[in-house]
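need the 3D shape of this:
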Amino acid sequence: MKFNYQFGNQYYTYNNPIGIQSTKYNIMAPEQSQENQPGMEYLMNPRPIFDNPNYKGSNKLKGKVAIVTGGDSGLGRSCAVAFAKEGASVVIPYYNEHRDAMETKEYIERLGGNCLLLSGNIADKAFSKKIVQETLKKFGKIDILVNNAGVQYQQDYLECISDEQFDWTMKVNVYGMFYLTREVLPYLKSGASIINLTSVTCFYGDPQLIDYVTTKGAIVGFTRALARNLALKNIRVNAIAPGFFWTPLQPACWVKEKIPSLGADAAMARGAMPYELAPTFVFLASDDSSYMTGQVIHNNGGQIMG
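Okay, here's the model as predicted:
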């Protein structure tokens, strides 16, 4: 299958979305690294495939307004684009990845969709207030919240995790989710959906991501408790636990030598491109999952089962 997309005057074509064939596993990308979290998509080689051109929207989210944190790139970008294809207007709060954010906005607008960009620190409670205020000012309502933004840092031992790193990881991954969800809740009506991003690492316990795994475990607990709390209001809360997907978070986290082998321990012996997760976001955001709440969906190529 061939994938094509365009940014400005640049065209990208992928003939093999799975990656370069290897006798051991399918290599998705060669060695590479980035210095800053959460990473820049435009610097990645190859560029992630975030949109499946064969995916045709069917107005499952027509007229809806969705906030997708970290929607500038990676899994958030795939989510934002899929929502736009389904007829939703999208608000993207992001940190400082301005080029990635503009690319995403331009792509959505070429699809005929609406996109609002908001730059700021998700760990700052004041930014959550701004996100809600600007969303209501622009679109008048909020129907879907996707808590996707996050950071992760590779450290071999617990003793290597500084107080500053632990504090920052907790604030971005957990506090940011808590602050924004609390700000959004008064404006959600019956039928609304909240989607939180946890991780496969929470379920097998990645030994080099101890603080990150801790936050992802907290997200699972938050999802289940909030789902019960809001069930009678018909506001659904679910989570997705992705396996390895080729996103900016990977080269910004791991030492470059580890990049080619990421995803190799999955049963499918490969990682995935962001477009492969997009339909799951749509499913949880739409009425297709009207009787699902408090659940964690595992998209991980068989890395964990059960």
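
which parts of the stretch 51-200 of the chain are helices?
74-85, 98-110, 125-139, 163-170, 176-184 (DSSP state H, counting those that start in this stretch).

could I get the phi/psi values of the residue nearest to residue 31 when sequence neighbours are not counted?
Nearest residue to residue 31, sequence neighbours excluded (C-beta to C-beta, 6 or more residues apart in numbering): residue 256, at 4.2 Å. (C-beta placed from N, C-alpha, C; glycine too.) As for residue 256, its main-chain torsions (degrees, to the nearest 10) stand at phi -60, psi -30.

residues touching residue 234, list them.
Each residue near residue 234 by C-beta atoms under 8 Å, 6 or more residues apart in numbering is listed here: 190, 191, 192.

please repeat the previous calculation with a cut-off of 7 Å.
Residues near residue 234 by C-beta atoms under 7 Å, 6 or more residues apart in numbering: 190, 191.

same check on the one 5 residues further on?
Shown here is residue 239, whose contacts under the criterion C-beta under 7 Å, 6+ apart are 196, 198, 219, 220, 223, 296.

distance check, the residue nearest to residue 31 against residue 214.
25 Å (C-beta to C-beta, to the nearest Å).

who's more crowded, those two?
residue 214 (16 against 12; other C-beta atoms under 10 Å).

ok so that one is a helix residue?
Yes: judged by DSSP: H, G, I helix; E, B strand; the rest coil, residue 214 forms part of a helix.

pLDDT wise, what is it at?
With respect to pLDDT, residue 214 has a value of 98.

any idea how far it lies from residue 169?
Distance from residue 214 to residue 169, by C-beta to C-beta: 8 Å.

could you report the neighbour count for the nearest residue to residue 87 once chain neighbours are set aside?
Spatially, and ignoring its direct neighbours in sequence, residue 87 is nearest to residue 62 (3.4 Å; C-beta to C-beta, 6+ apart). The number of residues packed near residue 62 is 10, by other C-beta under 10 Å.

likewise for residue 87?
So residue 87, with other C-beta under 10 Å, has 16 neighbours.

again with residue 63
Residue 63: 10 neighbours (other C-beta under 10 Å).

for the closest residue to it other than its chain neighbours, list the residues it contacts.
Take residue 63 and drop its neighbours on the chain: the residue closest to it by C-beta to C-beta, 6+ apart is residue 87, 6.6 Å away. Shown here is residue 87, whose contacts under the criterion C-beta under 7 Å, 6+ apart are 57, 59, 61, 62, 63.

ok, residue 184 next?
67, 132, 142, 145.

so the second one makes contact with residue 185?
No: using C-beta atoms under 7 Å as the test, residue 132 is too far from residue 185 to be in contact (9.7 Å).

between the two, which one's more packed in?
Applying other C-beta under 10 Å to residue 132 and residue 185 shows that residue 132 carries more neighbours, namely 21 against 18.

all strands for this protein, in order.
Counting by DSSP state E, the chain has strands at residues 3-7, 10-14, 65-68, 89-94, 115-119, 144-147, 193-197, 236-242, 296-299.

for those, give me CSV that also has distance to residue 80 and mean pLDDT.
CSV is the format used below for these (distance: least, C-beta to C-beta, whole Å; pLDDT from 0 to 100):
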stretch, distance to residue 80, mean pLDDT
strand 3-7, 14, 51
strand 10-14, 18, 50
strand 65-68, 5, 99
strand 89-94, 5, 98
strand 115-119, 7, 98
strand 144-147, 8, 99
strand 193-197, 12, 98
strand 236-242, 15, 98
strand 296-299, 17, 98
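
same list (those strands) but as a markdown table, adding distance to residue 52.
As requested, these are arranged in a markdown table below (distance: least, C-beta to C-beta, whole Å):
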| stretch | distance to residue 52 |
| --- | --- |
| strand 3-7 | 7 |
| strand 10-14 | 11 |
| strand 65-68 | 18 |
| strand 89-94 | 17 |
| strand 115-119 | 19 |
| strand 144-147 | 19 |
| strand 193-197 | 19 |
| strand 236-242 | 16 |
| strand 296-299 | 14 |
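
rewinding a little: residue 112: which of the contacts of residue 87 is nearest?
Ranked by distance to residue 112 (C-beta to C-beta), these are led by residue 57 at 10.1 Å.

residues contacting that closest one?
85, 86, 87.
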